[in-house]
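Peer 1: coords please:
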Amino acid sequence: MSETDHQIAIVEWAAWKSTQDPRYDYLIHIPNQGKRSLSQGRLFKRMGLRKGFPDLAFLYPNRGRCLFIEMKLPGQKPTKEQTEWHERLHSAGHVVRIAYSSNEAIEMIEGHLSERALCPLCDRPLPSEGKAILVASSPTEGRGGQVIKQWCDECFEFIRGDRGHLEKV
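Peer 2: Predicted coordinates for the structure are as follows:
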């Protein structure tokens, strides 16, 4: 199978999965590969295409991080530009992986979705089933004028001591 065949298999799998779970619809392909004419290359660059950006972007965040996947065939290594993008995305807090098959990429996506959310202060798993603390922050930010954040109970108590305006919602 070619790299293109693997990507098609991943995207078709995600489309099928999205009929059961809409989170899978957040997978997109970045068309960086392939030969183009000089004029097409200039146009795509002006439109925002960046050399070395990962092939697949799974933009459903988990713990505030998105997943970027670089597809390679066995034995291939990332280019200098790809390595630079991987470092940039990783330093921005995202997850970047290299997959050598469609099955490996699918496992990465499934793993990304199954990771439990962690408290941003102490890295302890947040309680499941609604036990997490939701905190309303600045009334000028986010949807409906609120930013909702989650912390574990212990960190919430610590933060509330520093910032009396935070309340459980």
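Peer 1: Only the buried residues of the lengthiest helix in the chain, if you could.
Peer 2: Across the chain, the longest stretch assigned as helix under DSSP state H is helix 3-18. Buried residues in helix 3-18, counted by 16 or more other C-beta atoms under 10 Å: 3, 6, 7, 9, 10, 11, 13, 14, 17. (Glycine included, C-beta is placed from N, CA and C.)
Peer 1: Look up how far residue 26 lies from the last one.
Peer 2: For residue 17, the distance to residue 26 equals 11 Å [C-beta to C-beta, to the nearest Å].
Peer 1: avg pLDDT for the longest helix of the chain?
Peer 2: Model confidence over helix 3-18, given as mean pLDDT, is 93.
Peer 1: Direction included, what does the next helix or strand after that helix pair up with?
Peer 2: Following helix 3-18 in sequence order, the next helix or strand is strand 27-29 (DSSP states H and E). Partners of strand 27-29 in the sheet, by DSSP bridges, are strand 56-62 (antiparallel).
Peer 1: residues touching the residue nearest to residue 99 when sequence neighbours are not counted, list them.
Peer 2: In space, and not counting its chain neighbours, residue 99 is closest to residue 105: 3.8 Å by C-beta to C-beta, 6 or more residues apart in numbering. Contacts for residue 105 (C-beta atoms under 8 Å, 6 or more residues apart in numbering) come out as 6, 10, 56, 69, 71, 97, 99.
Peer 1: Quick one: the helices in this structure, in order.
Peer 2: Under DSSP H, the chain gives helices at 3-18, 38-46, 80-91, 102-114, 153-162.
Peer 1: That'll do, ta.
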